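Engineer: What would the 3D arrangement of this be:
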Amino acid sequence: MLSNLTATFNQFWRYAIIGLINTAIDFLVLNLLSYITGIYEGNGLIPLNVISFTVAVTNSYFMNKKWAFKDAAFGDAGKKFSLFLLVSIIGAILNTTVVRFVSTNIDPMFGLSQELWLNVAKILATGLSLVWNFTGYKLIVFKK
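Structural biologist: The predicted structure follows:
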């Protein structure tokens, strides 16, 4: 029992490191797209956030498969990628809903600009999707 808990803990830390890398990718792409388009709130954020989340989640699949979950299986790669995509799409919907809701329906607090408030919304969304995605990847996609 303790060895399973330790293995899960170590797996989660690898997942978290990968998550930090992918979060940086997600934030970088979202902020770049927001800067280019001038969109920092409202429905225009939806496609921008979906694009940034998709870039990050594609990188995430390969890193999680090889390092966090150490999945060497090749025969069912299409099925695993489909399941990964399904879990990630649900994560993207949760993520985008939180980003859209917080950045649009809650006025910026603590004297933050709308641009910085978008990042606060993204942090909250990332926390929620982090928990959802780890659980889905571990129990559905890369289960042993």
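
Engineer: Could you use CA atoms for every contact and neighbour count after this?
Structural biologist: Fine.

Engineer: Pretty sure Phe69 sits against Gln11.
Structural biologist: Yes - Phe69 is in contact with Gln11 according to C-alpha atoms under 8 Å; the separation is 6.7 Å.

Engineer: remind me which residues of this protein are low pLDDT?
Structural biologist: By pLDDT under 70, the weakly predicted segments of the chain are 74.

Engineer: What segments of it are helices?
Structural biologist: Per DSSP state H, the chain carries helices over the ranges 2-37, 45-63, 77-105, 114-136.

Engineer: Redo those helices as JSON lines? Include mean neighbour count and distance to Phe142.
Structural biologist: Supplementary listing: these in JSON lines, determined by neighbours: other C-alpha atoms under 10 Å; distance: least, C-alpha to C-alpha, whole Å:
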{"stretch": "helix 2-37", "mean neighbour count": "16", "distance to Phe142": "12"}
{"stretch": "helix 45-63", "mean neighbour count": "19", "distance to Phe142": "11"}
{"stretch": "helix 77-105", "mean neighbour count": "19", "distance to Phe142": "7"}
{"stretch": "helix 114-136", "mean neighbour count": "18", "distance to Phe142": "9"}
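
Engineer: and these as a markdown table, adding distance to Lys144?
Structural biologist: Written out in a markdown table, the entries for the helices of the chain read as follows (distance: least, C-alpha to C-alpha, whole Å):
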| stretch | distance to Lys144 |
| --- | --- |
| helix 2-37 | 12 |
| helix 45-63 | 17 |
| helix 77-105 | 12 |
| helix 114-136 | 13 |
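
Engineer: Let me see the contact set for Val50.
Structural biologist: Val50 makes contact with Ala92, Thr96, according to C-alpha atoms under 8 Å, 6 or more residues apart in numbering.

Engineer: how about a cut-off of 7 Å?
Structural biologist: Contacts for Val50 were tallied using C-alpha atoms under 7 Å, 6 or more residues apart in numbering; they are Ala92.

Engineer: From Lys122, how far off is the nearest residue to Ala72 once chain neighbours are set aside?
Structural biologist: Nearest residue to Ala72, sequence neighbours excluded (C-alpha to C-alpha, 6 or more residues apart in numbering): Lys66, at 7.1 Å. Using C-alpha to C-alpha, to the nearest Å, we find Lys66 at a distance of 27 Å from Lys122.
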